[in-house]
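Chemist: curious how this folds, go ahead:
(chains A and B)
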Amino acid sequence: MITRMYSRGFSLVEVLVYLSLFVILVTASVGVVFSLNTLVERYQAETALYRSGNQVLEQTLLSIRQGDQLNLFSTIQASPATGRITIANPATTTIISRVGNDLQLEINGTNYGSLLPDNVTVDGFTVYHYPRSEGEFVRVIIELSATIDGTTRTEIFYGGAVVRGSI
Amino acid sequence: MNMFNFHKKWQQGVSLIEVLITVAILATLLVTVSLGVTQMVYNRSALLTNTVALYLAEEGYEMVRTVRDDDWDEIDTLTTGVTYYLDITPTDISVVTTPVVIESTYTRSFVLSDVSRNSDDDIVPNGTTGASVDGNAREVTVTVTGGSSPQVFTGLITNIYAI
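Modeler: Residues are numbered from 1 along each chain as shown, chains lettered A, B, ... in the order given. Reported below is the predicted structural model:
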């Protein structure tokens, strides 16, 4: 009995079925792994964008809201061409400026370095200000790109705040 | 006996049904992991677009405030319950009635509501008995659509220059 089964071996049909399943499984596995890798890179890039956009906007809007309305026109300079905003009140002078593809933060003359992680670059940092009969509105548009290996994602963040300062 | 059974099974090899079951299990695993990762990425994309939309909504509220700063009459002449939009140029912000689409994706609108106060000047729901509408205050509801889900920001504006 044992000898008979051993000597029977696989039939041609069985071998073909096994081979087919093997090829299908390997092909599907390789495809799924490559696909998942791209998806995970996209996930990581969008996570970096989400965090960086939040960080830059919150820092910028906080600084704008702390601007001194009494010296508004001399303390807030919006320069879309250079991508730089200077916000001052009697206690604090904050400068957020685009340096190459990076955003740098400076408070009271001390450089706190980059606001962005290494894998995120700034493609645009534009500041507009709208003087009104009372107060002023400042608008910031930030375009960020995040690159994880071969995957790049881009997002534009908009934020704005009324300068409250000390009235 | 055990040695004999083991030897026998080894000699029998793997049956077709066993291979099919194994392939089915592996395929199910692959599909499950793929769906999980796809859902994770979808959720992260939704979070990103909703965050952008929420900042736009907050900015919209601040813009209505700055319109108020220019002149309360610009707010006072708007009709409550009507949907308005903000038209923005590099030098001006104005209120319009036609939709403005941002980056071909997001649409930001706002609606003003009356604010009612009771005899103690506390804000109460509109229609409350004994309450009267405060002509120097409005509730602003900014809605931004275009993200994964509509983002809403609600705040109060008052005619602070009338005090």
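
Chemist: only C-alpha atoms for contact and neighbour calcs from this point on.
Modeler: Noted.

Chemist: show me which residues of chain A sit near chain B.
Modeler: Counting by C-alpha under 8 Å from any C-alpha of the partner chain, chain A comes close to chain B at A:2, A:5-6, A:14, A:18, A:21, A:25, A:29, A:32, A:36, A:39-40, A:42-43, A:46-47, A:49-50, A:128-130, A:132-137, A:156-162.

Chemist: just these: which are in helices?
Modeler: Of the positions in these, A:2, A:5-6, A:14, A:18, A:21, A:25, A:29, A:32, A:36, A:39-40, A:42-43, A:46-47, A:49-50 sit in helices, assigned by DSSP state H.

Chemist: picking that back up, now list the buried members of the residues of chain A next to chain B.
Modeler: Neighbour counting with 16 or more other C-alpha atoms under 10 Å in any protein chain shown marks A:25, A:29, A:32, A:36, A:39-40, A:42-43, A:46-47, A:49-50, A:128-130, A:132, A:135-137, A:156-162 as buried within these.

Chemist: pull the helix or strand with minimum mean pLDDT from chain A.
Modeler: helix A:72-75 (a mean of 38; mean pLDDT, DSSP states H and E).

Chemist: give me the low-pLDDT residue ranges for chain A?
Modeler: A:1-8, A:69-83, A:164-167 (pLDDT under 70).

Chemist: give me the most central residue, it.
Modeler: Central residue of chain A (C-alpha atoms, centre = their mean): A:Leu49, 1.7 Å from the mean position.

Chemist: can you give me the neighbour number for the nearest residue in space to it that is not next to it in sequence?
Modeler: If the residues on either side of it in the chain are set aside, A:Leu49 comes closest to A:Ala146, at 6.1 Å by C-alpha to C-alpha, 6 or more residues apart in numbering or on different chains. Residues near A:Ala146, counting by other C-alpha atoms under 10 Å in any protein chain shown, number 25.

Chemist: for A:Ala146, helix, strand, or coil?
Modeler: strand (DSSP: H, G, I helix; E, B strand; the rest coil).

Chemist: ok, the residue lying closest to A:Val138 once chain neighbours are set aside - contacts?
Modeler: Nearest non-adjacent residue to A:Val138, counting by C-alpha to C-alpha, 6+ apart: A:His129, 4.3 Å away. Residues in contact with A:His129, defined by C-alpha atoms under 8 Å, 6 or more residues apart in numbering or on different chains, are A:78, A:136-139, B:91.

Chemist: among those residues, name the ones in strands.
Modeler: The strands, defined by DSSP state E, take in A:78, A:136-139 from the contacts of A:His129.

Chemist: and chain B, which residues reach chain A?
Modeler: Going by C-alpha under 8 Å from any C-alpha, the residues of chain B near chain A are B:8, B:11-12, B:16, B:19, B:23, B:27, B:30, B:34, B:37-38, B:40-41, B:44-45, B:47-48, B:51-52, B:55-56, B:58-59, B:62-63, B:65-67, B:69-71, B:90-93.

Chemist: disregarding residues adjacent in the polypeptide, which is nearest to A:Glu134?
Modeler: Per C-alpha to C-alpha, 6+ apart, closest to A:Glu134 is B:Asp69, 5.2 Å.

Chemist: that neighbour: neighbour count?
Modeler: Neighbour tally, B:Asp69, other C-alpha under 10 Å: 24.

Chemist: that one falls within a helix, correct?
Modeler: Yes - under three-state DSSP, B:Asp69 sits within a helix.

Chemist: so it sits against A:Phe137, correct?
Modeler: No - checked against C-alpha atoms under 8 Å, the pair B:Asp69 and A:Phe137 is beyond contact range at 9.4 Å.

Chemist: chain center to stretch A:40-51, what's the gap?
Modeler: Distance, stretch centre to chain centre, for stretch A:40-51: 7 Å (C-alpha atoms, centre = their mean, to the nearest Å).

Chemist: quick one: buried residues of stretch B:91-107?
Modeler: B:93, B:95, B:100-101, B:106-107.

Chemist: what of stretch A:148-158?
Modeler: A:148, A:151, A:153-158.

Chemist: cool, stretch A:104-116 as well?
Modeler: Applying 16+ other C-alpha under 10 Å to stretch A:104-116 flags A:104-107, A:114-116 as buried.

Chemist: thanks a lot, catch you later.
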